[in-house]
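K.L.:
what shape does this take:
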Amino acid sequence: MATLRLPILAMLLASVAAPALAETIESALAKAYLANPDLNAQRAAVRANDENVPRALSGYRPRITASGDVGPTDNSSRSGNTTTGDQYWPRGGSLTVEQTIYNFGRTGNAVSAAESGVLSARQQLRSSEQSILLDAATAYMDVLRDTAFLDLRRANIEVLSEQLRQTRDRFTVGEVTRTDVAQVEARLAAAQAESSAAQGTLKASVARYRQVIGSDPTSLAPARPLEKLLPRSVEDAVKASQADHPAIIAALHNVEAAEFQLKAVRADLYPTVGVSGSAQKRYDYQGSNRELDAFALVGRLSVPLYEGGETYARVRQQRETLSQRKLEADLARERVRAAVVASFSQFEAAKARIVSAQAQVEASTIALNGVREEARVGQRTTYDVLVQDQELLSARVNLVSAQRDRIVASYNVLSAMGRLSATRLALKVPAYDPAAHYSAVRNRFIGTSVD
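P.N.:
Below you'll find the model as predicted:
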């Protein structure tokens, strides 16, 4: 694992320019945007969904079928002692063309439903992009936080080791008792155990980082919260989310798709008007040296009278599906609203925690210095110094945690609003355009590749 050293308390907030070779949170998010397998899988799912439109459009186009056959035939007959026969090779081919003229909007509604499905899939891709970018930002900040935790634990071990040396020296000259030495030894052993646990937590965070971003973290630079991209109030955040969140827009497109699908199913109850044409050429037709040329053009009217109730059941089923999609749209609005309120509250709480944690660090530092001076003149015990040292360590851990939470919470608010994207973050990556594949395949009526 690469070494990840940053200042203990200021590491999560960028106060100076990052090193030229440092990994920034923006570059990490760019890597995730380009290479994350979950996101690329969702892009493939959108491309697959695009093909539903040309499939539906095929209902406007003719169906052409060609066939051919060949095989020997031996016709023999006997009358008394006389046998007659004919051996020949009947062969030939045919071409059939079928074209639907009118089907009461079945094809048109199927196309519209597929197009709504494409728009919904694009919004689901936006949701996946948001989720991956949020996971990447969280993984980045977790590595920074856990690195700081480990550095704090190791620094605490160094302090306790020096304190143990001094306490043993004082015990040698009779200034403290064996109990004082044992107290420091116990605290040092506990600090070493906490350092081992912190190292294990960091390894887990590094593994998560690699899973989401696609590479191991090296020289991670500090990060800043996205406050410039956030609204000033939770009311503004909720309003923006209701208009722009991909989950809501996808749900509305699903409602449109269900409406068109209902119309398409209802069209199965009505007649279909079509035309078919065929051409046939045969050799040795029903005997040697006989040929057949046949051509036909036939208009067809298909009227469904009764199909056992299956079509009526599909109509009722699709009507309930439409009701379900409408309820899901309402649910999506409420879920987004709740997520925005919760994430905005977490962001405000994280900012307040930073102020409190900074005050705690300052007060604990002053208190520790005072306790150490008092211990030197015999007014405080070794235990008092250990307790205050632990208080300062806890305060620094709280500050690092609050700084991490503030940055992650800012990304979470933007995600809850539906605005966490590579474009809004100005990531230096080419934006994926789902419309490009759709345009390439929409009217493609032949061929198995897009190129």
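K.L.:
which residues touch the closest residue in space to residue 107 that isn't next to it in sequence?
P.N.:
For residue 107, ignoring the flanking residues on the chain, the nearest one in space by Cβ to Cβ, 6 or more residues apart in numbering is residue 59 at 3.4 Å. Glycine gets a C-beta too; all of them are placed from N, C-alpha and C. The neighbours of residue 59, taking Cβ atoms under 8 Å, 6 or more residues apart in numbering as the test, are 100, 103, 106, 107, 110, 111.
K.L.:
tell me which of those residues fall in helices.
P.N.:
106, 107, 110, 111 (DSSP state H).
K.L.:
how about low-confidence regions in this protein?
P.N.:
1-21, 77, 79-85, 451 (pLDDT under 70).
K.L.:
for it, just list every one of the helices.
P.N.:
Here the chain has its helices, by DSSP H, at 25-35, 37-50, 52-57, 106-172, 178-213, 234-244, 246-266, 310-376, 382-417, 434-441.
K.L.:
from the chain's centre, how far out does stretch 197-217 sit?
P.N.:
Its chain's C-alpha centre and that of stretch 197-217 lie 19 Å apart, by Cα atoms, centre = their mean, to the nearest Å.
K.L.:
of all the residues in that stretch, which ones are buried?
P.N.:
In terms of neighbour count (16 or more other Cβ atoms under 10 Å), stretch 197-217 has its buried residues at 198, 202, 205, 206, 209, 212, 213, 217.
K.L.:
quick one: the third one and residue 143 touch, right?
P.N.:
Yes: with contacts defined as Cβ atoms under 8 Å, residue 205 counts as touching residue 143 at a distance of 4.9 Å.
K.L.:
before we move on, back to that, now the contacts of residue 59 in a markdown table, with neighbour count and distance to residue 349?
P.N.:
Shown next, in a markdown table, are the contacts of residue 59 (neighbours: other Cβ atoms under 10 Å; distance: Cβ to Cβ, whole Å):
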| residue | neighbour count | distance to residue 349 |
| --- | --- | --- |
| 100 | 19 | 62 |
| 103 | 21 | 59 |
| 106 | 20 | 55 |
| 107 | 19 | 55 |
| 110 | 24 | 50 |
| 111 | 22 | 49 |
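K.L.:
in a markdown table: those residues, plus distance to residue 369.
P.N.:
As requested, those are exported to a markdown table (distance: Cβ to Cβ, whole Å):
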| residue | distance to residue 369 |
| --- | --- |
| 100 | 89 |
| 103 | 87 |
| 106 | 83 |
| 107 | 82 |
| 110 | 77 |
| 111 | 76 |
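K.L.:
which pair of these spans the longest distance?
P.N.:
The two members of the contacts of residue 59 with the most space between them (Cβ to Cβ) are 100 and 111, at 13.2 Å.
K.L.:
quick check: closest non-adjacent residue to residue 209.
P.N.:
Leaving out its chain neighbours, the residue that sits closest to residue 209 by Cβ to Cβ, 6+ apart is residue 139, at 4.4 Å.
K.L.:
pull the contacting residues for that neighbour.
P.N.:
Taking Cβ under 8 Å, 6+ apart, we find residue 139 in contact with 205, 208, 209, 211, 212, 213.
K.L.:
repeat that for 10 Å
P.N.:
Residue 139 makes contact with 28, 32, 205-213, 217, 408, according to Cβ atoms under 10 Å, 6 or more residues apart in numbering.
K.L.:
so how far is residue 184 from it?
P.N.:
Between residue 139 and residue 184 the computed distance is 37 Å (Cβ to Cβ, to the nearest Å).
K.L.:
ok, now residue 134?
P.N.:
According to Cβ to Cβ, residue 134 stands 44 Å off from residue 184.
K.L.:
right, I'll call it a day here.
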